[in-house]
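Asker: can you look at this prediction? I've put the sequence above it.
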There are 2 protein chains.
Amino acid sequence: MKPQIDLELLLSYGANCKKYAKGEILFYEGDEALYYYQIVEGSVKMYNSNDEGKEYTQGYFSEGQSFGEPPMFIDECYPASAMAFQDTEILKLHKDRFWKILDENPKIERHFLKLMARRIHNKATTSKDIINQKPEFRIQAFLDSCKKSREKELIEFTRQEIANFTGLRVETVIRTLLKMKQKKIVDIVNHKIFY
Amino acid sequence: MKPQIDLELLLSYGANCKKYAKGEILFYEGDEALYYYQIVEGSVKMYNSNDEGKEYTQGYFSEGQSFGEPPMFIDECYPASAMAFQDTEILKLHKDRFWKILDENPKIERHFLKLMARRIHNKATTSKDIINQKPEFRIQAFLDSCKKSREKELIEFTRQEIANFTGLRVETVIRTLLKMKQKKIVDIVNHKIFY
DNA sequence: CGGTTCCTTGAGGATGATCAACGAGGGTGG
DNA sequence: CCACCCTCGTTGATCATCCTCAAGGAACCG
């Protein structure tokens, strides 16, 4: 995927490249947002964990994407934590230098304005779907958001991950997927989900 | 409240002032987003209504605030409908002219970048709360978002409106408020809610 | 005073959460 | 190659909660 900002440019403004092993935490909910993060390789999960165990996944970010900018833009703390979802390589730039990039590159600033707009648009669509209650509907909305192409494709998430994203429980996800299989909405072959 | 963009400036770029009676629709979910809207006086509700009756309120906007920009920024359709929540006066500017304002006023563009960031930050916080399930928690999160000051104040929303915002049913809101009254979280005097 | 809108209460039912096991596959080290 | 462990998937039974439906009451406004 085309990166938000050209890697050379980021490096020329002083960005550092860092590697994180799968499962490593990049920052915690409540931390001050001091850096711009852009993924060179791998993927990252943003999530909240509530008082005990239950986790809510806000979103996944992959190669070329940036994340965690909103609180950095407005000097707030992170509303969620970030964890490497795979082994991941990330460019990290201090926010003062990031603002310098925007000051000196109006096109990039415009790009981020549109990016933020797109994120809001997605969130609005998502919350509409989540409120809808019905597990089947929520799961299908998640599956839609996974899909890139038009053909049936393998869904690369565990049932637990789907549960965390949709706010349901694993057992409910499993039982609902069963129903969706019977309705021919998904295929399940060898425990693998195709949609 | 301080307006997003100075009214004189908007008018000088060709904005039109329009009045809407309470309950009037400004645009529907699915409409193309062709205009920038800024409230001069009154307030506006953004909402989704699903196949039959049930409504989900995405948010309220009041004097000085703009709304519906995200889809305009990215040439998408509105993910929700907008209705005048009170009698309302609005400045409306075609998106081509709006882009012209941003092109010619870097400070305003920066302002909108931060505004979009703030909206995302709020949405992230809200969805974290909504997923939490517990009606009491959801309602309290809504009440928190209403409050401006530190003292107990009258909540100017009907129980139905709270229900639509939190994704609960009226009866559940009523019964939960009852419990919250017993726990001294809210006061209810003469059917009016104080928090 | 009549109508509308909003609030309230009760009973009953559906549904997703919870709890408790167990199964299946994959990887690792002996 | 086998035994073990760990993660992920699966199933059934039970429970709590919120929704649904139905009815009526209270407040407000012309």
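Answerer: Received it, and whenever you're ready, just let me know what you need.

Asker: next up, the contacts around the residue lying closest to residue A:3 once chain neighbours are set aside.
Answerer: Spatial nearest neighbour of residue A:3, excluding adjacent residues (CB to CB, 6 or more residues apart in numbering or on different chains): residue A:64 at 4.3 Å. Where C-beta positions appear, they are placed from N, C-alpha and C, glycine not excepted. Contact analysis of residue A:64 by CB atoms under 8 Å, 6 or more residues apart in numbering or on different chains lists A:1-4, A:38-39.

Asker: residue A:64 - that's part of a strand, no?
Answerer: No. Note on residue A:64: no strand contains this position according to DSSP: H, G, I helix; E, B strand; the rest coil, which reports coil.

Asker: roughly how far apart are it and residue A:155?
Answerer: According to CB to CB, to the nearest Å, residue A:64 and residue A:155 sit 21 Å apart.

Asker: do residue A:5 as well
Answerer: With the distance defined as CB to CB, residue A:5 ends up 30 Å from residue A:155.

Asker: residues from chain A in reach of DNA strand C?
Answerer: A:54, A:133-135, A:167-169, A:171-172, A:176 (CB under 7 Å from any atom of the strand).

Asker: same list (those) but as TSV, adding distance to DNA strand D.
Answerer: Rendered in TSV, the data for these read as follows (distance: CB to the nearest atom of the strand, whole Å):
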residue	distance to DNA strand D
A:54	14
A:133	7
A:134	10
A:135	13
A:167	13
A:168	12
A:169	9
A:171	4
A:172	9
A:176	10
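
Asker: and the residue of chain A at minimum distance from DNA strand C, what does it touch?
Answerer: For chain A, the nearest residue to DNA strand C under the criterion CB to the nearest atom of the strand is residue A:172, separated by 3.1 Å. Shown here is residue A:172, whose contacts under the criterion CB under 8 Å, 6+ apart are A:135, A:163.

Asker: what's the helix or strand for it?
Answerer: Residue A:172 is part of helix A:170-182 when elements are defined by DSSP states H and E.

Asker: tell me where the model's unsure across chain A.
Answerer: For chain A, the stretches flagged by pLDDT under 70 are A:52.

Asker: how about a cut-off of 90?
Answerer: Low-confidence segments of chain A, defined by pLDDT under 90, are located at A:1-3, A:49-54, A:125-133, A:147-152.

Asker: got the residues of it near chain B?
Answerer: When proximity is defined by CB under 8 Å from any CB of the partner chain, chain A lies next to chain B at A:48, A:50, A:56, A:58, A:69-71, A:73-74, A:76, A:79-80, A:102, A:106, A:109-110, A:112-114, A:116-121, A:123-128, A:130-133, A:167.

Asker: narrow those to those that are buried.
Answerer: Applying a neighbour-count criterion of 16 or more other CB atoms under 10 Å in any protein chain shown, the buried members of the residues of chain A next to chain B are A:48, A:56, A:58, A:69-71, A:73-74, A:79-80, A:102, A:109-110, A:112-113, A:116-121, A:123-128, A:130-132, A:167.

Asker: among the residues you listed, which ones are in helices?
Answerer: When DSSP state H is applied, those are split such that A:69-71, A:73, A:102, A:109-110, A:112-113, A:116-121, A:123-128, A:130-131 fall in helices.

Asker: tell me, what residue is most central in chain A?
Answerer: Residue closest to the mean C-alpha point of chain A, counted by CA atoms, centre = their mean, is residue A:60 at 2.0 Å.

Asker: so how far is residue A:22 from residue A:55?
Answerer: Computed as CB to CB, the residue A:55 to residue A:22 distance reads 16 Å.

Asker: more neighbours: these two, which one.
Answerer: More crowded of residue A:55 and residue A:22, by other CB atoms under 10 Å in any protein chain shown: residue A:55, with 17 against 12.

Asker: residues in contact with the more buried one?
Answerer: Residues near residue A:55 by CB under 8 Å, 6+ apart: A:47-49, A:164.

Asker: recalculate using a threshold of 10 Å.
Answerer: Residues in contact with residue A:55 (CB atoms under 10 Å, 6 or more residues apart in numbering or on different chains) are A:45, A:47-49, A:81, A:160-161, A:163-165, A:167, B:131.
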